[in-house]
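Trainee: just need the structure, nothing else, for what follows:
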Amino acid sequence: MTVDVPPHLRDRDRHGDADAQAGLVDFAVNVRPGPPEFVAQTLRGRIADLAAYPSAREADDVAGLVARLHQRTREEVLLLGGAAEGFELLAHLNPRHVAVIAPSFTEPERVLSASGARISHVTLDAPWRLVDADVPEDADLVVLGNPTNPTSVLHPRADVLALRCPGRIVVVDEAFADLTLDGDRLEPESVAAETTDDLIVVRSVTKTFGLAGLRAGYLLAAPELIARMTAGRRHWAVGTLTLAALAACLGPQGQEYARSQAHLVDDERAHLLAQLSDLGFAPEAEPRAPYVMVKIPQAWRWKHELAARGFSVRSCANFEGLDSDYLRLAVRPREVSDALVHAMQDVRNRLETGAPTR
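Mentor: Next comes the predicted model:
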């Protein structure tokens with residue numbers, strides 16, 4: 001008997017946190033465990049400051065820290081209440097035709113569609129190479145992720161910059177860039193230090209430092225673009241604790257922590273991939289982010305079965321260019337991944353033998 005895919009899995013507004021139910025081991029959300037103690041201590045130390053409005057001087061100091069980190073000027077930095085706010089501010093650029101490189105994170109498309117912009121999906125096929133993207137010539141705004149969520153593909157920097165052309169702005173979501181490596185080189189394909197008047201880079205610290213509940217991020221762009229995006233923006237857009245978190249995460253101790261996490265992710269991802277390979281599952285492109293995506297026939301059924309065994313995983317049914325045969329798995333410590341793969345083996349045994357499912 002054919003069973004239809006549950007409709008809620010196709011909802012474009014659905015994110016992985018909808019699957020991370022209490023009591024389940026979380027492989028659905030791409031946030032690293034945290035926050036680390038030095039960040040938590042920083043935040044605890046600022047609780048007494050919450051009676052005052054966020055300090056403009058502190059915001060300027062933090063923006064200066066970001067600028068030095070990426071070899072930019074202070075005027076090219078905009079602090080954000082989470083990377084998602086950066087996508088909302090794109091609507092102030094009044095784009096006419098937005099090309100979204102797909103599959104990709106759905107939030108930019110959602111907010112830009114609400115602004116009335118025309119949206120075109122530039123849908124890539126596996127292995128999702130950016131060089132194959134056929135972007136409409138009249139697209140005046142192009143949005144992509146690097147590395148891309150949920151495929152975990154890391155596009156070459158040259159391919160990202162090749163999307164530029166006169167009259168067009170390219171927006172690169174680098175939310176997971178600080179966890180990418182090439183040998184010992186951190187962020188090998190980032191364009192964050194690229195100074196141009198047609199490039200916007202959106203960054204987040206919440207993924208690496210386990211701070212999803214505290215919205216914290218920033219973007220890098222030409223001052224003229226930032227001025228257009230912030231016209232009419234509310235006062236005190238970034239709170240005191242967000243400023244403190246950004247300073248801690250982007251300072252020397254935070255950057256050393258990020259580097260250690262990148263190496264840890266590299267090791268844990270290799271272990272997860274080896275375990276999945278033993279089950280006969282392999283990604284269709286080399287994963288470079290803190291998550292992997294695998295194709296399993298009727299993967300949505302596996303999602304249900306794994307939840308019954310105590311694990312939450314992310315269905316990719318609501319991503320443009322993908323379907324319910326894809327699952328995204330966050331990279332976790334080795335022993336946790338082993339438990340997931342053991343549960344997956346049990347699910348496969350039951351499905352293949354036709355035994356009653358849970």
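
Trainee: now stretch 123-130: mean pLDDT?
Mentor: Stretch 123-130 shows a mean pLDDT of 96.

Trainee: who touches it?
Mentor: The contact list for stretch 123-130 (C-beta atoms under 8 Å, 6 or more residues apart in numbering) reads 101-103, 132-133, 144, 148, 151, 153, 155-156, 159-160, 163, 284-286, 320-321. To be clear about C-beta, it is placed using only N, CA and C from the backbone, and glycine gets the same treatment.

Trainee: give me that answer again for 10 Å
Mentor: Applying C-beta atoms under 10 Å, 6 or more residues apart in numbering, the contact partners of stretch 123-130 are 100-104, 122, 131-134, 144, 146, 148, 151-156, 158-160, 162-163, 283-286, 293, 295, 319-322, 326.

Trainee: take these and keep only those in helices.
Mentor: Counting by DSSP state H, the part of the contacts of stretch 123-130 found in helices is 158, 159, 160.

Trainee: top of the residues you listed by neighbour count?
Mentor: Greatest neighbour count in the ones in helices among the contacts of stretch 123-130, by other C-beta atoms under 10 Å, goes to residue 160: 23 neighbours.

Trainee: what separates it from residue 198, distance-wise?
Mentor: Going from residue 160 to residue 198 by C-beta to C-beta, to the nearest Å gives 12 Å.

Trainee: any common contacting residues for the two?
Mentor: 142, 170.

Trainee: I'd guessed residue 56 sits against residue 236; true?
Mentor: Yes. Using C-beta atoms under 10 Å, residue 56 is in contact with residue 236, at 9.0 Å.

Trainee: so where do the strands sit in the chain?
Mentor: 25-26, 77-80, 97-102, 118-123, 141-145, 169-173, 181-182, 185-186, 199-204, 217-220, 291-295, 311-312, 314-315, 326-330 (DSSP state E).

Trainee: contact partners for the spatially most central residue of the chain?
Mentor: Closest to where the C-alpha atoms of the chain average out (C-alpha atoms, centre = their mean) is residue 175, at 4.6 Å. For residue 175, the contacting residues are 30, 82-84, 86, 105, 145-147, 149, 202-208, 217, 289, by C-beta under 10 Å, 6+ apart.

Trainee: in the sheet, who's paired with the nearest residue to it once chain neighbours are set aside?
Mentor: Among residues not flanking residue 175 along the chain, residue 204 sits closest, at 4.3 Å (C-beta to C-beta, 6 or more residues apart in numbering). With DSSP bridges as the criterion, residue 204 is bridged to residue 217.

Trainee: measure residue 133 to residue 105 for me?
Mentor: With C-beta to C-beta as the criterion, residue 133 and residue 105 are 16 Å apart.

Trainee: what's the answer for residue 203, then?
Mentor: For residue 203 relative to residue 105 (C-beta to C-beta), the value is 14 Å.
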